[in-house]
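Colleague: here's my sequence, what's the structure:
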Amino acid sequence: MEERASTEAKKLDEIQDALTKLIKSLKVGSVLSEDEYFKLLEYDIPVFFTIKTGAEGLMELVNKIDLAALIVSLREEQPNLKDKDTSS
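Modeller: Alright, predicted model coming up:
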């Protein structure tokens with residue numbers, strides 16, 4: 001009985017470690033594998049954040065992009081890229 005309890009405790013620790021690692025790696029716009037997605041659902045973890053799939057999720061990310069700010073940022077980076085190309 002103790003051996004079985006020890007084995008189960010070890011499995012639970014492994015699951016916790018895997019889920020902790022996965023959750024810490026998540027950022028807005030993260031892409032999950034199907035296995036990762038179902039693991040999160042299995043343990044009711046999406047209670048703490050929102051998971052979207054397919055076109056709906058992609059559209060939400062695209063709509064959050066501030067295109068005007070992105071254009072300004074890219075234009076500011078452009079001269080820096082030219083300087084790097086000529087110095088090589």
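
Colleague: domain-wise, how is this protein divided?
Modeller: Structural domains of the chain, as assigned by automatic domain parsing, span the residue ranges 1-51, 53-88.

Colleague: measure the longest one end to end?
Modeller: So that's domain 1-51. End-to-end distance for domain 1-51, by CA to CA, to the nearest Å: 39 Å.

Colleague: measure the closest residue to Phe49 other than its chain neighbours to Ile15 for me?
Modeller: Leaving aside its chain neighbours, Phe49 sits nearest to Leu26 (7.3 Å; criterion: CB to CB, 6 or more residues apart in numbering). C-beta here means a position set from N, CA and C on the backbone, and glycine is covered the same way. Noted for Leu26: a distance of 17 Å to Ile15, by CB to CB, to the nearest Å.

Colleague: thinking again about what came up before, could I get the domains of the chain in JSON lines, plus columns for mean pLDDT and mean neighbour count?
Modeller: As requested, the domains of the chain are exported to JSON lines (pLDDT from 0 to 100; neighbours: other CB atoms under 10 Å):
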{"stretch": "domain 1-51", "mean pLDDT": "86", "mean neighbour count": "11"}
{"stretch": "domain 53-88", "mean pLDDT": "83", "mean neighbour count": "9"}
